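Visitor: Sequence and predicted structure are below.
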Amino acid sequence: MNVTIYHNPACGTSRNTLAMIRNAGIEPDIIEYVNTPPSRAELVKMIADAGLTVRQALREKDTPYAELGLGNPDLSDDQLLDAMLAQPILINRPFVITPLGTRLSRPSEVVLEILSETHKGAFTKEDGEKVLDTEGKRIV
């Protein structure tokens, strides 16, 4: 399965998502989007394919969101996209693209919706939360 993750290694959610992909026996294409941001067209497509609005794909926490006044409801999608491309840390993460779909994997286990059922046993997040049992089945 061809999988791409727009990853930030400084983000626990992104690290957990990457680990879940690998737990499925997949080595994804990893794009550290802060250093290698998507093109405008790629970003627009990811957001649309994930079923999100541009504003939903905008990261507020630990970014210059407030300083840039991005909470202003009068800003257009184009203005928000301009900000995200100028400062990629404003792109929420991690976006994951597979043949089964595109998701903003927040929380990280959202990625399970677009991975094949090939998990290699139990999976526990960095914070200790159990996500998959020893048979690779989701714990609900």
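Guide: Perfect, thanks for sending it. Numbering: from 1, shown residues only.
Visitor: Quick one: low-confidence residue ranges for this protein.
Guide: Nowhere does the chain drop to pLDDT under 70.
Visitor: Could I get the full set of strands for it?
Guide: With DSSP state E as the definition, the chain shows strands at residue ranges 4-7, 29-32, 95-98, 101-104, 123-124, 130-132.
Visitor: Number of residues surrounding Ala19?
Guide: Summarising burial for Ala19: neighbours were counted as other C-beta atoms under 10 Å, giving 16. Quick note: C-beta positions are derived from backbone N, CA and C, even for glycine.
Visitor: so what's it up against?
Guide: Remark: with contacts taken as C-beta atoms under 8 Å, 6 or more residues apart in numbering, Ala19 is in contact with Phe123.
Visitor: Tell me how far it lies from Ala86.
Guide: Look at Ala19 and Ala86: by C-beta to C-beta, to the nearest Å, they are 30 Å apart.
Visitor: okay, how far is it across stretch 19-35, tip to tip?
Guide: End-to-end distance of stretch 19-35: 21 Å, with C-alpha to C-alpha, to the nearest Å as the criterion.
Visitor: Tell me the buried residues in it?
Guide: Within stretch 19-35, the residues that qualify as buried by neighbour count (16 or more other C-beta atoms under 10 Å) are Ala19, Met20, Ile21, Asn23, Ala24, Ile26, Pro28, Ile30, Ile31, Glu32, Tyr33, Val34.
Visitor: and if you look at stretch 94-105?
Guide: For stretch 94-105, the buried set under the neighbour-count rule, 16+ other C-beta under 10 Å, comprises Pro94, Phe95, Val96, Ile97, Thr98, Thr102, Arg103, Leu104, Ser105.
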